[in-house]
Each structure stands twice: as C-alpha cells, then as structure tokens.
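this one's structure only:
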Ligand SMILES: Cc1ncc(COP(=O)(O)O)c(C=O)c1O
C-alpha cells in the first residue's frame, strides 16, 4: 500500500461503527439474514424518501438485479453515459442488452437530456443516468423523456446518496435506483449496495433475484419451514455485519455530507481564484454531496503533469473517469468506432479528482491548494 500524505479518500469511523459491528459478531449467531438488514432497508428508504429499499452486496449487483427486475434483455437498448464507472455499462451487457452511450453536458457531467431524447428509438427500453461525483444530473428533464416514451428510468445513484434537487433526493425520480456503499462512497461499508423503489411488485421480484429465487416466509437459517424456489436467483445478499455498519454510517450521513460540503466550499474558494482551474459548483437549488471533488483543467497534458506534480508532494489525485467506450474491452466490441461523444472525451481528458473526505483538515486543504498553485506558477 502506497503511503500518501493525503490519500484520495479516508473513511470516517467512530466508536458507534465499532460497537455496531461488535454487537453482531459477539452474539455468534445470525451473521447472515439478521435483523440489521431489514432495519437498514427501512432506515434507508425513509432517508431517501421511497417506499422500499433492498440491501445488496454491491452497487453492481443492485444494478444487475434492477435490470433483471425490469425484464430488460437481449435486443433491448439502454441509454447511458460513457463518463461513468464501467459497472454501469457492464450491467447492460450482463442482461444481454445493448448499451448505447449518450454524450454528457459540461454543467453537471451528466447525460444531456436533449441527446437522450434524440437517441430514443424503437429498441430503447431504458435510460440509465448517473449523478456524477454526487451532483444531480438533469434528472427532471430526463424523467420527462422516459415518461413521454414510456421507457424505464433507472438511476445509477451509486455516488449520490443524499444529493437532491430541491427537497427531492436523487434516486427517487425513476422506477428504481441504485446506491453503492463501496469504500469511497458517502455511506460506506467497504462493499455494499441497495436498490430503492416505490413499487411493491419490483421489490418482491428483487427479493427473489437477490436470494436464489427463494420464497422466504421465515428466516432460512433459523426455521424448519420448507423453503420453495420459484425462479432463478443469485446470492447477492448483504451480511448482517455489513448491515450493522451501514446503519451506524447512515445515522451520521448528514454530518458526513456537511463535512464534505464544508471542505468543498473551502477548496472552491481558494482554487477558483487560480487561472486555468475550473472548480465543481452545484447548480441552483441542488445539493452536491461531493462524493468526489473533480476539477477541470485546460487539456490532458496539463492535467497529467499536475497529477504527477501532486504525487511528488504526497497528494493522491486520479482520473474519474476515462470513458468506458475507450477501454480495451469496449474498444474490442466496437464501441470506440461507433460512439460520437465529444464532450465526454473532452471532459475525461481534462478532469482530475482531488482528495475529498469528511476528515480532511484545514492544513491538508491548504497544502492541496498551495501545491496546485505552485504547479500553476511554474507552468
Ligand atoms: C457510477 C457508479 N455505478 C456503479 C458503481 C458500482 O458500485 P459497486 O462498486 O458498489 O459495485 C459505482 C461505484 O463504484 C459507480 O461509481
């Protein structure tokens, strides 16, 4: 493990997290399918503002399950961004559908609603927008396109738990949405995910998909009731230990978001004064949760040199994201040739994600700003 003076992210851990996990471990029972899972699901649904949440072992499995629950399959087209983590597109392929990359707009780095609309065709069955870095994309306009065309809207809100437009949270605009609790997310359990929905029938379907297609009338591990299996399913369950940690993290989510926002405000105030640096601002009426803090620079050469310079200072920075359509796998299946995504490619070449986490200290924020400034002065 490289020792960075300032890593890209650090998890906020307190005594409550340790207590919550210890309680499950020491009882020596129900490490799987324990009461923490349903409790976490209820608390998450309440926080997000939906009727149902279902916990998964990753954001990827939550997304895979959502597409299966929507019965999206072979021959169906899904409109999604290439400026995202690769799992967004991979899940489309996992269910046999065809990902169709649509370009983003610079303001939010999310899907451009006009392009979403013009890309809908006979085969399009789903729009899968991403709220990049915790900033809501133009989801209201995208929801309108999905409504007009009667196609699914499934939000990839992996990065944006707690982000909202007005009072409405990301993850509540479509039929389903997914969140990730991977190591660098707003609420983290190391690995984990969830689906949110207002539909009881989707919730029931997702439950079967998550656990072997099994109808669990009673706890599988602690009852003698004979289970029945009514469809194909996976093992995508979250463990009770993970759910206990998820509850403890969720209880302090507003504190975690406020610390991130305070740190981002400070970085914005200092970095926005520098020539050639564009800072990540939130749109009017939106709450950005700064799961990541990404700046835009004039070009890729400049960006790469800054990344190297920062690493000599012990500051980790990274590119989130290189476009999915330009990865070897997607190139090999023809996406580099067949995708016209000028804004995606331009932003990917110019973006750089700087350290962002709740526990960043003022001296560390100053050190980051001064290091960026020092680089700019010598350029
Ligand atoms: C936009 C996006 N979608 C999907 C995922 C997948 O989530 P996970 O890593 O929990 O499987 C992530 C996170 O890594 C993500 O950032």
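Alright, I've got the coordinates. This one's a predicted model, so the numbers in the text were calculated from it and none came from an experiment.

for residue 103, phi and psi?
phi -70, psi 160 (degrees, to the nearest 10).

tell me who's in contact with it.
Residue 103 sits next to 81, 111, 112, 115, 340, 341, 342, 343, 344 when contact means C-beta atoms under 8 Å, 6 or more residues apart in numbering. For glycine as for every other residue, the C-beta is placed from the backbone atoms N, C-alpha and C.

run a quick neighbour tally on the last one.
When you say that, I think you mean residue 344. 26 (other C-beta atoms under 10 Å).

most neighbours among the contacts of residue 103, please name it.
residue 111 (30 neighbours).

buried residues in stretch 303-318, which are they?
For stretch 303-318, the neighbour count (16 or more other C-beta atoms under 10 Å) marks 303, 306, 307, 309, 310, 313, 315, 316, 317 as buried.

before we move on, what about stretch 119-136?
Across stretch 119-136, burial judged by 16+ other C-beta under 10 Å covers 119-120, 124-136.

if we look at the ligand, which of those are close to it?
Among the buried residues of stretch 119-136, proximity to the ligand is found for residue 130 (C-beta under 6 Å from any ligand atom).

nearest to residue 250, of the buried residues of stretch 119-136?
Closest to residue 250 out of the buried residues of stretch 119-136 is residue 134 (15.9 Å), distances taken as C-beta to C-beta.

residues in contact with residue 75?
96, 97, 98, 123.

make a ChimeraX selection of the buried ones in those.
Only the buried entries of the contacts of residue 75 go into this ChimeraX selection, using 16+ other C-beta under 10 Å:
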select :97
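
is residue 318 in a bridge, and if so with what?
Beta bridges link residue 318 to residue 353 when assigned by DSSP bridges.

how close does it sit to the ligand?
Separation of residue 318 from the ligand (C-beta to the nearest ligand atom, to the nearest Å) stands at 13 Å.

quick check, nearest of the buried residues of stretch 119-136 to the ligand?
Checking the buried residues of stretch 119-136 against the ligand by C-beta to the nearest ligand atom gives residue 130 as the nearest, at 4.7 Å.

OK, contacts around that closest one?
Going by C-beta under 8 Å, 6+ apart, residue 130 touches 80, 81, 83, 84, 88, 110, 111, 137, 156, 158, 159.

try 10 Å
Contacts for residue 130 (C-beta atoms under 10 Å, 6 or more residues apart in numbering) come out as 80-81, 83-85, 88, 104, 109-111, 137, 155-160, 170, 321.

just the residues you listed that are near the ligand?
Near the ligand, by the rule C-beta under 6 Å from any ligand atom, you find 84, 85, 88, 156, 158, 159 out of these.

hey, where'd the helices end up in the stretch 1-150 of the chain?
Using DSSP state H, counting those that start in this stretch, the helices assigned to the stretch 1-150 of the chain run over residues 15-27, 35-48, 59-69, 86-94, 113-119, 139-149.

to residue 366, which of the ones you listed lies closest?
Of all the helices of the stretch 1-150 of the chain, it is helix 15-27 that lies closest to residue 366, at 28.6 Å by C-beta to C-beta.

get me the contact residues on the stretch 51-200 of the chain for the ligand.
58-60, 84-85, 87-88, 130, 156, 158-159, 180, 182, 193.

now do the buried residues in the helix or strand residue 377 falls within.
For residue 377, the host element (DSSP states H and E) is helix 362-378. Neighbour counts using 16+ other C-beta under 10 Å place 364, 365, 367, 368, 369, 371, 372, 375, 376 of helix 362-378 among the buried residues.

in JSON lines, list these along with pLDDT and distance to the ligand.
Listed next are these as JSON lines, based on pLDDT from 0 to 100; distance: C-beta to the nearest ligand atom, whole Å:
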{"residue": "364", "pLDDT": "98", "distance to the ligand": "24"}
{"residue": "365", "pLDDT": "98", "distance to the ligand": "24"}
{"residue": "367", "pLDDT": "98", "distance to the ligand": "27"}
{"residue": "368", "pLDDT": "98", "distance to the ligand": "22"}
{"residue": "369", "pLDDT": "98", "distance to the ligand": "26"}
{"residue": "371", "pLDDT": "98", "distance to the ligand": "26"}
{"residue": "372", "pLDDT": "98", "distance to the ligand": "24"}
{"residue": "375", "pLDDT": "98", "distance to the ligand": "27"}
{"residue": "376", "pLDDT": "96", "distance to the ligand": "29"}
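
mind putting those into CSV with distance to residue 66?
Below are the buried residues of helix 362-378 laid out as CSV (distance: C-beta to C-beta, whole Å):
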residue, distance to residue 66
364, 38
365, 37
367, 41
368, 37
369, 40
371, 41
372, 39
375, 42
376, 43
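
tell me which residues in the strand or helix carrying residue 295 are buried?
Per DSSP H and E, residue 295 falls inside strand 293-296. Judged by neighbour count using 16+ other C-beta under 10 Å, the buried positions of strand 293-296 are 293, 294, 295, 296.

that strand and the ligand in contact?
No. Strand 293-296 is not in contact with the ligand by C-beta under 6 Å from any ligand atom; minimum separation 12.4 Å.

save the contacts of residue 103 as a markdown table, and put in distance to residue 145 and pLDDT too.
A markdown table is the format used below for the contacts of residue 103 (distance: C-beta to C-beta, whole Å; pLDDT from 0 to 100):
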| residue | distance to residue 145 | pLDDT |
| --- | --- | --- |
| 81 | 14 | 98 |
| 111 | 10 | 98 |
| 112 | 11 | 98 |
| 115 | 10 | 98 |
| 340 | 19 | 92 |
| 341 | 18 | 97 |
| 342 | 21 | 97 |
| 343 | 18 | 98 |
| 344 | 19 | 98 |
